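Trainee: here is a sequence with its predicted model. Questions after.
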Amino acid sequence: MNAGPVSGPVSSTKANHVGGIAGWNSGTVSVCTNSGLVEGDKSAGIVGYNENMVTDCRSLVLTSKRRGKYAGLVYQNKKSSTPWVVATIRNSFSVANHAFGGIMDSFENEGTVANCYYDSAVYTNSIPLGREIPNAEMRTSDMQSDRFAWILNTTNGDSAHSGIWSRDSVGYPIFADSLHKPIYKVVFDNGRDSMDCFTNYKGLIPFPSDPDQPGKLFRGWFTDDGDKIDNLTIFSKDQTVHAAYTDLYFSIRFFDSDWSLLDSQYVKYGEFPVYGGPIPKKTSSGKYEYVFSGWSPTLKAVTGAVTYTAVFDSTRIIPQAVPVTVPFSPTRSVTASGRNFQIHAAPVGKSYALFDLQGKVLAKGRIESSEMTISAPRAGSYIIRVGNRSVRMNAR
């Protein structure tokens with residue numbers, strides 16, 4: 001770490017490379033922080049001239065003025081004289097101002113720049129040097145986040161977790177130590193979608209709200225190994241946790257017309273209840289007979305507790321004709337059976353007549369047999385006269 005000023009001569013005839021950590025690097029510069037002023041012909045927050053590896057570094061220098069040209073992390077990223085070595089800058093960031101390039105001088109890159117960023121609110125140079133690096137710009141609020149520390153730890157998810165970067169409760173990422181745990185990503189998968197969350201420097205994580213799945217009771221979050229986690233769990237690696245649920249079952253009851261319980265069962269949410277009791281019955285009222293026709297309400301997929309009652313179709317009872325005998329005289333009688341009137345011991349040769357109650361003659365003639373039948377046209381009350389005797393009868 002460097003917090004003091006570093007400077008080199010500014011010359012119009014000879015370029016001098018100056019860096020907050022190293023002027024010239026042919027090895028590896030890693031896990032370094034520079035917050036000191038750097039000045040020179042070709043200067044940068046971390047390394048002036050790089051032909052090997054600069055990784056996991058922070059350039060935090062802020063100044064109102066600076067002599068010479070300046071880049072946020074590395075001024076020149078050049079080919080190495082060793083064929084198999086590629087000059088590389090990765091997993092680093094700069095919040096330097098008054099620079100000619102947020103990451104580096106854009107015209108001096110012959111190597112690789114990966115997962116490096118500069119604060120676009122601090123680096124406000126209108127000259128677009130360094131801006132050709134994809135996705136290098138980042139807002140202050142995004143850089144001062146746990147997520148950004150994780151991006152630096154994993155090359156934005158493309159490499160194994162380095163465990164290098166952490167973050168205090170505020171500010172830009174810092175290096176992990178005994179008081180600041182590395183930042184990890186925990187994916188909360190609820191079965192329908194997922195949410196990325198990031199630990200804080202204590203290894204704790206803000207939990208999302210409990211998921212709501214229709215027909216299921218949330219039991220908690222579990223790791224792939226089956227361990228349940230909670231808001232006191234300290235995470236030590238990137239991982240996915242899964243929501244666990246219990247299926248909900250609801251009470252379904254079936255009642256007869258007299259509210260006697262026919263069947264009771266518990267049915268899983270979303271399934272159709274299947275009645276398993278006796279055939280429902282309803283006692284005849286005398287005028288109507290009843291036949292089971294279904295349930296009220298109509299059976300449907302279960303979404304909650306339901307009570308079903310039996311529904312019946314009714315059929316009107318048509319009464320059977322019951323013969324009724326009425327005495328006509330001590331020796332004669334009339335029997336009504338349905339719409340037929342039978343005269344017993346009828347006096348042959350005597351006259352007869354059938355009247356309605358309004359006195360209209362419906363049938364008349366003379367008795368030809370001692371057992372004679374007269375038919376009424378419809379159900380109702382009638383007057384039957386035989387000879388000089390009359391009787392009132394009902395036809396059904």
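Mentor: Structure received. The model shown is predicted, which means the values in this text are computed figures rather than measured ones.

Trainee: wait, is S264 part of a strand?
Mentor: Yes - S264 sits within a strand when classified using DSSP: H, G, I helix; E, B strand; the rest coil.

Trainee: show the average pLDDT along stretch 33-53.
Mentor: What stretch 33-53 shows for mean pLDDT is 82.

Trainee: just stretch 231-249 next, same as before
Mentor: Taken as a whole, stretch 231-249 carries a mean pLDDT of 96.

Trainee: count the neighbours of A96 for me.
Mentor: Using other Cβ atoms under 10 Å, A96 is surrounded by 30 other residues. (C-beta placed from N, C-alpha, C; glycine too.)

Trainee: can you check V47 too?
Mentor: 34.

Trainee: test my guess that it contacts G27.
Mentor: No - under the criterion of Cβ atoms under 8 Å, V47 makes no contact with G27, lying 10.5 Å away.

Trainee: so where do the strands sit in the stretch 101-250 of the chain?
Mentor: Using DSSP state E, counting those that start in this stretch, the strands of the stretch 101-250 of the chain run over 112-119, 137-138, 165-167, 173-175, 185-189, 194-198, 216-222, 228-229, 239-247, 249-255.

Trainee: the second one pairs with which strands, parallel or anti?
Mentor: So that's strand 137-138. Strand 137-138 has the following sheet partners, assigned by DSSP bridges: strand 112-119 (parallel).

Trainee: just the longest one next, same as before
Mentor: Here the strand partners of strand 239-247, with direction, are listed using DSSP bridges: strand 185-189 (parallel), strand 216-222 (antiparallel).

Trainee: can you list contacts of the longest one?
Mentor: Strand 216-222 is contacted from outside by 188, 207, 210-212, 228-230, 241-248, 269, using Cβ atoms under 8 Å, 6 or more residues apart in numbering.

Trainee: please redo it, this time with the cut-off set to 7 Å
Mentor: With Cβ atoms under 7 Å, 6 or more residues apart in numbering as the test, strand 216-222 has contacts from 188, 210-211, 228-229, 241-248.

Trainee: just the buried residues of the residues you listed.
Mentor: Neighbour counting with 16 or more other Cβ atoms under 10 Å marks 188, 211, 229, 241-245, 248 as buried within the contacts of strand 216-222.

Trainee: nearest to K300 among the residues you listed?
Mentor: Nearest to K300 among the buried ones among the contacts of strand 216-222, counting by Cβ to Cβ, is L248 at 16.2 Å.

Trainee: re earlier: next, format the strands paired with strand 239-247 as CSV and append distance to G387 and mean pLDDT.
Mentor: Shown next, in CSV, are the strands paired with strand 239-247 (distance: least, Cβ to Cβ, whole Å; pLDDT from 0 to 100):
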stretch, distance to G387, mean pLDDT
strand 185-189, 104, 97
strand 216-222, 91, 96
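
Trainee: most tightly packed of those strands?
Mentor: Across the strands paired with strand 239-247, averaging neighbours per residue (mean count of other Cβ atoms under 10 Å) puts strand 185-189 on top, at a mean of 18.

Trainee: how far out from the middle of the chain is that strand?
Mentor: What separates the centre of strand 185-189 from the centre of its chain is 17 Å, taken as Cα atoms, centre = their mean, to the nearest Å.

Trainee: now that strand against strand 194-198, angle please.
Mentor: 160 degrees (axes from the mean of the first three to the mean of the last three Cα atoms, to 10 degrees).

Trainee: what residue of the chain is the furthest out?
Mentor: G349 (96.2 Å; Cα atoms, centre = their mean).

Trainee: ok, which stretches of the stretch 51-200 of the chain are helices?
Mentor: Ranges of helices in the stretch 51-200 of the chain, per DSSP state H, counting those that start in this stretch, are 140-143, 146-154.

Trainee: which of the ones you listed has the highest mean neighbour count?
Mentor: Ranked by average neighbour count under the criterion mean count of other Cβ under 10 Å, these are headed by helix 146-154 at a mean of 23.

Trainee: circling back: could the strands paired with strand 239-247 be laid out in JSON lines, adding distance to D258?
Mentor: Below are the strands paired with strand 239-247 laid out as JSON lines (distance: least, Cβ to Cβ, whole Å):
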{"stretch": "strand 185-189", "distance to D258": "52"}
{"stretch": "strand 216-222", "distance to D258": "36"}
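
Trainee: next one, pLDDT for N135 please.
Mentor: N135 is given a pLDDT of 57.

Trainee: on that earlier part again, may I ask which two of the contacts of strand 216-222 are separated the most?
Mentor: I229 and L248 (23.4 Å).

Trainee: low-confidence regions, the chain specifically.
Mentor: 2-15, 62-68, 80-84, 98-101, 104-109, 124-135, 317-326, 328 (pLDDT under 70).

Trainee: quick one: the closest residue to V61 other than its chain neighbours from N34, how far?
Mentor: Leaving aside its chain neighbours, V61 sits nearest to A96 (5.2 Å; criterion: Cβ to Cβ, 6 or more residues apart in numbering). As judged by Cβ to Cβ, to the nearest Å, A96 and N34 stand 9 Å apart.

Trainee: okay, and the common contacts of the two?
Mentor: 45, 59, 61.

Trainee: the second one pairs with what?
Mentor: On DSSP bridges, the residues paired with S59 through beta bridges are N34, S94.

Trainee: residues contacting D238?
Mentor: Contacts of D238 by Cβ under 7 Å, 6+ apart are 161, 184-185.
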